[in-house]
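**Student:** just coords:
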(Lines give C-alpha, C1' and ligand atoms only; values in the text may rest on other atoms or scores of the structure.)
Protein backbone atom coordinates (compact mmCIF):
# COMPACT_ATOMS: atom_id res chain seq x y z
CA UNK A 1 0.00 0.00 0.00
CA UNK A 2 1.38 3.40 -0.95
CA UNK A 3 1.42 6.28 1.50
CA UNK A 4 0.23 8.91 -0.96
CA UNK A 5 -3.13 9.77 0.58
CA UNK A 6 -4.01 11.07 4.00
CA UNK A 7 -6.58 8.32 4.38
CA UNK A 8 -4.01 5.59 3.72
CA UNK A 9 -1.53 7.14 6.13
CA UNK A 10 -4.22 7.51 8.82
CA UNK A 11 -5.22 3.86 8.37
CA UNK A 12 -1.60 2.75 8.75
CA UNK A 13 -1.12 4.90 11.86
CA UNK A 14 -4.22 3.36 13.47
CA UNK A 15 -2.72 -0.07 12.87
CA UNK A 16 0.73 1.02 14.23
CA UNK A 17 2.42 0.38 10.87
CA UNK A 18 5.57 2.43 10.30
CA UNK A 19 6.03 4.56 7.21
CA UNK A 20 8.74 2.92 5.15
CA UNK A 21 8.47 4.61 1.75
CA UNK A 22 9.79 8.20 1.65
CA UNK A 23 7.54 11.04 0.53
CA UNK A 24 7.64 11.72 -3.21
CA UNK A 25 9.20 15.00 -4.30
CA UNK A 26 6.05 16.26 -6.03
CA UNK A 27 3.93 15.48 -2.96
CA UNK A 28 6.41 17.29 -0.72
CA UNK A 29 6.32 20.32 -3.02
CA UNK A 30 2.51 20.30 -2.99
CA UNK A 31 2.47 20.06 0.81
CA UNK A 32 4.91 22.98 1.09
CA UNK A 33 2.81 25.12 -1.28
CA UNK A 34 -0.17 24.63 1.03
CA UNK A 35 1.84 26.15 3.88
CA UNK A 36 0.64 25.37 7.40
CA UNK A 37 -2.46 23.63 5.97
CA UNK A 38 -0.18 21.09 4.28
CA UNK A 39 0.66 19.28 7.49
CA UNK A 40 3.94 17.98 8.77
CA UNK A 41 6.56 16.33 6.58
CA UNK A 42 6.46 12.55 6.60
CA UNK A 43 9.26 10.77 8.34
CA UNK A 44 10.28 7.30 7.22
CA UNK A 45 12.57 4.58 8.48
CA UNK A 46 15.49 4.51 6.02
CA UNK A 47 16.79 1.15 7.30
CA UNK A 48 13.43 -0.54 6.80
CA UNK A 49 13.17 1.06 3.36
CA UNK A 50 16.54 -0.41 2.39
CA UNK A 51 15.49 -3.87 3.61
CA UNK A 52 12.15 -3.58 1.83
CA UNK A 53 13.91 -2.64 -1.38
CA UNK A 54 16.22 -5.65 -1.11
CA UNK A 55 13.28 -8.02 -0.66
CA UNK A 56 11.38 -6.45 -3.57
CA UNK A 57 14.40 -6.84 -5.88
CA UNK A 58 14.75 -10.50 -4.90
CA UNK A 59 11.06 -11.14 -5.60
CA UNK A 60 11.46 -9.48 -9.00
CA UNK A 61 14.43 -11.74 -9.75
CA UNK A 62 12.37 -14.78 -8.80
CA UNK A 63 9.48 -13.61 -10.98
CA UNK A 64 11.80 -12.99 -13.94
CA UNK A 65 12.04 -16.75 -14.31
CA UNK A 66 9.05 -18.07 -16.22
CA UNK A 67 8.12 -20.95 -13.91
CA UNK A 68 7.31 -19.09 -10.70
CA UNK A 69 6.01 -16.05 -12.58
CA UNK A 70 3.34 -17.98 -14.49
CA UNK A 71 2.72 -20.76 -11.95
CA UNK A 72 2.59 -23.43 -14.63
CA UNK A 73 3.69 -26.01 -12.09
CA UNK A 74 0.81 -28.34 -11.33
CA UNK A 75 1.77 -29.36 -7.80
CA UNK A 76 2.95 -27.34 -4.81
CA UNK A 77 6.02 -29.55 -4.63
CA UNK A 78 7.15 -28.78 -8.17
CA UNK A 79 6.45 -25.05 -7.63
CA UNK A 80 8.60 -25.08 -4.48
CA UNK A 81 11.31 -27.03 -6.30
CA UNK A 82 11.31 -24.35 -9.01
CA UNK A 83 11.65 -21.61 -6.39
CA UNK A 84 14.57 -23.49 -4.82
CA UNK A 85 16.22 -23.90 -8.20
CA UNK A 86 15.80 -20.22 -9.08
CA UNK A 87 16.99 -19.16 -5.62
CA UNK A 88 20.07 -21.33 -6.02
CA UNK A 89 20.92 -19.81 -9.41
CA UNK A 90 20.50 -16.29 -8.01
CA UNK A 91 22.75 -17.16 -5.08
CA UNK A 92 25.45 -18.74 -7.27
CA UNK A 93 25.45 -15.72 -9.60
CA UNK A 94 25.80 -13.41 -6.61
CA UNK A 95 29.01 -15.25 -5.60
CA UNK A 96 30.65 -14.45 -8.93
CA UNK A 97 29.07 -11.31 -10.39
CA UNK A 98 29.75 -10.59 -14.06
CA UNK A 99 32.61 -8.20 -14.55
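**Tutor:** The structure has been received and is ready for your questions. These numbers were taken from a predicted model, which means no experiment stands behind them. Numbering: from 1, shown residues only.
**Student:** what helix or strand is residue 30 located in?
**Tutor:** helix 25-33 (DSSP states H and E).
**Student:** who does that helix touch, helix- and strand-wise?
**Tutor:** Contact partners of helix 25-33 among helices and strands, from 3 or more CB pairs under 8 Å, 6 or more residues apart in numbering; DSSP states H and E: none. Every residue, glycine included, has its C-beta placed from N, CA and C.
**Student:** pLDDT on that helix, on average?
**Tutor:** Per-region confidence: helix 25-33 scores 78 on mean pLDDT.
**Student:** same deal with stretch 44-53?
**Tutor:** 83.
**Student:** quick check: buried residues in that stretch?
**Tutor:** By 16 or more other CB atoms under 10 Å, stretch 44-53 has no buried positions at all.
**Student:** tell me how many other residues crowd the residue nearest to residue 23 when sequence neighbours are not counted.
**Tutor:** With sequence-adjacent residues excluded and distances taken as CB to CB, 6 or more residues apart in numbering, residue 23 is closest to residue 42, at 4.4 Å. When counting by other CB atoms under 10 Å, one arrives at 15 neighbours for residue 42.
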